[in-house]
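**Q** What follows is a predicted structure for the sequence shown.
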Amino acid sequence: MDTVLEMRSITKQFPRVLANDQVDFDLRHGEIHALVGENGSGKSTLMNILYGLYQSDGGEIIVRGQKVDINEPRVAIDLKIGMVFQHFMLVEPLTVAENIVLGSELRKGPFLDTKRAIQEVEELSQKYGLRIDPKAKIADLSVGLQQRVEILKALYRGAEILILDEPTAVLTPQEVEDLFKVLRALRAQGTSIVFITHKIKEVLSLSDRVSVLRRGKKIGTKATSETNEQDLAEMMVGRVVLFNVEKKPAEPGEDVLYLDRLSVKDQFGQVKVKEVELGVRSGEVLGIAGVEGNGQSELVEAIAGLRKTAGGRVFLNGQDITDWSPLKIKEAGFGYVPEDRHRRGLVLDYSVADNLILGFHGKKPHVRGGVWRDDKAIEENAEKLIEEYDIRPPVASQPARSLSGGNQQKIVVGREFTQDPSLLICAQPTRGVDVGAIEFIHKQVIAQRDRGAAVLLVSAELDEILSLSDRIAVMYNGQIVSVMSREEVTEHKLGFLMLGGRLEDYRAGEVNGHAE
Amino acid sequence: MGDILALLFNTAVFGAALRMATPLIFAALGGIFSERSGVVNIALEGMMLMGAFTAMFVSHQTGMPWLGVLGAILAGLLVGLLHAVFCIHYRANQVVVGTAINIFAGGLTVFLLRYYFGAAGTSPSVATIPDITIPLISQIPWIGRIIGRQNPLVYLALIAVVVAHIVIYRTSWGLRLRAVGEHPRAADTVGVNVFRMRYLAVALSGALAGLGGTYLSIAHLSRFSEGMTAGRGFIALAAVIFGKWTPYGALGACLFFGYADALQMRLQDIGIPTQFMNMLPYVLTMVALAGFIGKSVGPKASGQPYIKG
């Protein structure tokens, strides 16, 4: 196979970090090359250099045998390099077709040729099997479809080299499957693809080769068939990573959380949680599995007091806490790791130290005399938690924004867990978090369980549910379909129930042919 | 009661409304271009004032009012570039820069007026752009009496609205303009030069505001007087928001404000205080902003300097 792209000893120095340290990278014609590494390892930087958004401080880029100087995206586009960004580069009020042609507009005289643009987008979407309505406004599209527009944008410009920066981070499992199908089809048509991710499973299921970066350095490139999960994780983190959390059997006690026919509506007035009855006992992890959007978020927010209930009651340690204020619920012994840490978990522009007292900022010892901040106590608290929860870099005064996703999450986890709450809700606790941090957070969750906390875990990652939970509830269409002990559950069974299948049918053997 | 109705639908009032709206229309179009590119332009007031002064000055010096128009466009363009340099290149706070330009223009025009004409308050009378009669249209009953005979700048303003609409929604430049004001990085990643787009848009904004000022000093009146824009730049800004950043919307808002202005002069006769009518544009804008008349959402990146990389 021909090499279409070569990057040689690329170096990029940012004010405080060496983001790329003499990195070599190459891409062959018609392959999917996964570029992996923990957050902050320099993957995106390397690809931004290739796309002309950053200028490297050293090294050279060779595209199809020619040494090139890519100093702005225009040059990359002309070299038939396309990039799909993690945060979409789409203009929301414009239509799909307008977004796709932007910068390379089709004209009739001085005017836009909208008709031809729509027609070409339609042809393109047919050719690659990426169905889309060219006249739809971006703002009205789902995240998965928006990503499709991004891919079409690159293909419209004739991209033969396609870079995707963590494309699965924002997608639901079904959308991920769709994306993989598309990428395989593109590969079959001769597109060379760089796939940035930190999810090892994706690497193994999709890529032909894989390159690993760690702290700005290239660790190695391997054929995907010659490596495995353990091997890749070690390359990424630099030490042995345990995937299966070691835990002793649960010793559950009384119900700490009890939901009595709880119903919740979303902001549009639609009932998203229907009369859910559920108990979570002290000393156990109850995992809620389910495709996202089946009411998990609303359920959790109603318990946390962030959303009004529409019926039923919530009991915490026997006390009716229905529709209490979030602060009062917190004070009653509730710890919460929200699914969107940027919106609900952190104030990104506050320092790590201030983020570590959020929610407890009005309490002793952080406040003296009821009014004044006690900076010394806040600092001490920060130092203690930074040490305990291994938050890196260990600088209390840094804004939370400057930390990697994994370390941001450790701030939230540290803050909530250290209060020893009797009920702990962890919603998507490891979303956008790298392997090393996942392992750490999982250990902490189990430690909380062993301390006697009732843990309610909501996750879209089946692996996470399976490895942490003592009991598993499946949520579908606003209802808890069934609650099973960990031993009764297989991945296949969960998948069946999550998609709306009924337990009776499963037992009746309708799918027994596939059941393990 | 009949008197009031007759007054409300009086062709003379409508004609006056169109005239009062003209400077607002130019300035509002300027505001639209600037904000659509992502640069807040509260300096419209100052740009209009500079335009008004320059038009008078050139007309005074040359006796040719159309040269005055050209001069005003140029003056507005230069002030626009000044705004652009600070907002785009130096990434200064756009509201602060705009305010500074307004104060600066206020002071500079007074200084120049006194320096050249020695007179405080107003300039001498200068040659103006005469009204023209449109042959056929002036024959149409009722409508003819409103738009049949007006100043060429009034017609130009109406044409400018249509042209602006076409430019923004039908040309590739307009597509890029909208993209740059909404999501500059997205535009950058497909090879659109964000800085150049913004410089062009803000300069154009200044030129249009300057043109708006022209109407005040050498069409509506025949002289420049200190602070003669009297807040029209801000009303134009209100029209931009009220019209949801679209040329036709802004036209509607300007006509409405112009109508209120025209009516105000007549209503004094029947005892409604002028101050009340003067308040109207601002009250309406607040009502609009509060979301009573549909949501008015501006370009997302408006007010945010773009930093590359």
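**A** That came through fine.
**Q** Going by C-alpha atoms from here, please, whenever you check contacts or count neighbours.
**A** Noted.
**Q** Low-confidence regions, chain B specifically.
**A** B:1-2, B:268-269, B:288-289, B:291-296, B:309 (pLDDT under 70).
**Q** and what of the stretch 301-450 of chain A?
**A** For the stretch 301-450 of chain A (pLDDT under 70), the answer is none.
**Q** The closest residue to chain B within it: how many residues sit nearby?
**A** Closest approach of the stretch 301-450 of chain A to chain B (Cα to the nearest Cα) occurs at residue A:402, with a separation of 16.2 Å. Residue A:402 is flanked by 14 other residues according to other Cα atoms under 10 Å in any protein chain shown.
**Q** Then residue A:396?
**A** Residue A:396, neighbours per other Cα under 10 Å, totals 23.
**Q** what do you get for residue B:92?
**A** Residue B:92 has 17 nearby residues by other Cα under 10 Å.
**Q** now residue B:279
**A** 11.
**Q** now do residue A:6
**A** 20.
**Q** With the one 5 residues further on instead?
**A** Residue A:11 is surrounded by 23 other residues when neighbours are defined as other Cα under 10 Å.
**Q** now residue A:222, what's its secondary structure?
**A** Under DSSP: H, G, I helix; E, B strand; the rest coil, the three-state class of residue A:222 is strand.
**Q** Can you show me the helices along chain B?
**A** B:2-8, B:11-36, B:44-62, B:65-84, B:94-117, B:143-147, B:152-170, B:172-182, B:184-189, B:194-215, B:232-242, B:247-267, B:274-289 (DSSP state H).
**Q** Within its sheet, name the partner strands of the host helix or strand of residue A:83 and how each one runs.
**A** Residue A:83 is part of strand A:81-84, with elements assigned from DSSP states H and E. Here strand A:81-84 has these sheet partners by DSSP bridges: strand A:161-165 (parallel).
**Q** quick one: contacts of the partner strand?
**A** A:44, A:47, A:80-86, A:154, A:191-197 (Cα atoms under 8 Å, 6 or more residues apart in numbering or on different chains).
**Q** How many residues are close by residue 40?
**A** All of this is about chain A. Other residues close to residue A:40 by other Cα under 10 Å number 19.
**Q** if you could check chain B rather than the one you did, that'd help
**A** By other Cα under 10 Å, neighbour count at residue B:40 equals 27.
**Q** mind listing what it touches?
**A** Counted by Cα under 8 Å, 6+ apart, residue B:40 has contacts B:31, B:34, B:94, B:95, B:302, B:303.
**Q** buried set for the helix or strand just after the strand holding residue A:83?
**A** Per DSSP H and E, the first helix or strand lying C-terminal to strand A:81-84 is helix A:96-101. By neighbour count on 16 or more other Cα atoms under 10 Å in any protein chain shown, the buried set for helix A:96-101 is A:96, A:97, A:98, A:99, A:100, A:101.
**Q** in the stretch 1-150 of chain A, what spans have low per-residue confidence?
**A** In the stretch 1-150 of chain A, residues with pLDDT under 70: A:1.
**Q** related to what we said a few turns ago, just so I know, which of the helices of chain B lies nearest residue A:306?
**A** helix B:274-289 (28.1 Å; Cα to Cα).
**Q** for that closest one, packing partners?
**A** helix B:232-242, helix B:247-267 (3 or more Cα pairs under 8 Å, 6 or more residues apart in numbering or on different chains; DSSP states H and E).
**Q** Find the nearest non-adjacent residue to residue A:479, please.
**A** Among residues not flanking residue A:479 along the chain, residue A:274 sits closest, at 5.6 Å (Cα to Cα, 6 or more residues apart in numbering or on different chains).
**Q** Check which helices and strands the helix or strand hosting that neighbour sits against.
**A** Taking DSSP H and E as the definition, residue A:274 sits inside strand A:271-281. Helices and strands touching strand A:271-281, by 3+ Cα pairs under 8 Å, 6+ apart, are strand A:255-265, helix A:296-304, strand A:454-458, strand A:479-485.
**Q** okay, the ones you listed, which one's buried deepest?
**A** Of the helices and strands packed on strand A:271-281, the one with the most neighbours on average (mean count of other Cα atoms under 10 Å in any protein chain shown) is strand A:454-458, at a mean of 27.
**Q** Setting aside sequence neighbours, what's the nearest residue to residue A:419?
**A** residue A:335 (7.6 Å).
**Q** my read is the one you found is in a strand, agree?
**A** Yes - under three-state DSSP, residue A:335 falls within a strand.
**Q** show me what contacts the nearest residue to residue B:184 once chain neighbours are set aside?
**A** Closest residue in space to residue B:184, ignoring its immediate chain neighbours: residue B:194 at 6.3 Å, by Cα to Cα, 6+ apart. Residue B:194 sits next to B:180, B:184, B:187, B:188, B:306 when contact means Cα under 8 Å, 6+ apart.
**Q** With distance to residue B:83 added, can I get those residues in TSV?
**A** As requested, the contacts of residue B:194 are exported to TSV (distance: Cα to Cα, whole Å):
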residue	distance to residue B:83
B:180	18
B:184	19
B:187	22
B:188	22
B:306	15
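**Q** Show me what from chain A comes close to chain B.
**A** For chain A, the residues in contact with chain B under the definition Cα under 8 Å from any Cα of the partner chain are A:53-54, A:72-74, A:77, A:88-92, A:94, A:98, A:102-105, A:107, A:110-112.
**Q** how does it look with 7 Å?
**A** A:53-54, A:73-74, A:89-91, A:102-103, A:105, A:110-112 (Cα under 7 Å from any Cα of the partner chain).
**Q** Give me the contacts around the strand holding residue A:83.
**A** A:150, A:151, A:154, A:159, A:160, A:161, A:162, A:163, A:164, A:165 (Cα atoms under 7 Å, 6 or more residues apart in numbering or on different chains).
**Q** Which one of the residues you listed is nearest to residue A:251?
**A** residue A:165 (42.9 Å).
**Q** give me the beta-bridge partners of the closest one?
**A** According to DSSP bridges, beta-bridge pairing links residue A:165 with residue A:196.
**Q** where does residue A:508 land on pLDDT?
**A** Residue A:508 carries a pLDDT value of 69.
**Q** before we move on, back to that, distance of the residue nearest to residue A:479 from residue A:312?
**A** 10 Å (Cα to Cα, to the nearest Å).
**Q** If you count surrounding residues, which of the two has more?
**A** Neighbour tally, residue A:274 and residue A:312, criterion other Cα under 10 Å: the higher count belongs to residue A:274, 20 against 16.
**Q** tell me the contacts of the more buried one?
**A** So residue A:274 contacts A:262, A:263, A:264, A:478, A:479 (Cα under 7 Å, 6+ apart).
**Q** cool, residue A:211 as well?
**A** Contacts of residue A:211 by Cα under 7 Å, 6+ apart are A:34, A:35, A:36, A:220, A:221, A:222.
**Q** for it, helix, strand, or coil?
**A** Classified using three-state DSSP, residue A:211 is strand.
**Q** Might you report the residue contacts of the spatially closest residue to it that is not a sequence neighbour?
**A** Nearest residue to residue A:211 in three dimensions, chain neighbours excluded: residue A:221, at 4.1 Å (Cα to Cα, 6+ apart). Applying Cα under 7 Å, 6+ apart, we find residue A:221 in contact with A:210, A:211, A:212.
**Q** quick one on the thing from earlier: nearest to chain A, out of the contacts of residue B:40: which one, please.
**A** Nearest to chain A among the contacts of residue B:40, with distances taken as Cα to the nearest Cα, is residue B:302, at 13.5 Å.
**Q** Surely that closest one touches residue B:41?
**A** No - if you go by Cα atoms under 7 Å, residue B:302 and residue B:41 don't touch, sitting 9.6 Å apart.
**Q** Looking at the two, which one has more neighbours?
**A** residue B:41 (31 against 21).
**Q** What's the separation between the more buried one and residue B:28?
**A** 10 Å.
**Q** now residue A:177
**A** On the measure of Cα to Cα, residue A:177 and residue B:28 end up 49 Å apart.
**Q** more crowded one of the two?
**A** Comparing residue A:177 with residue B:28 by other Cα under 10 Å, the one with more neighbours is residue B:28, at 36 against 13.
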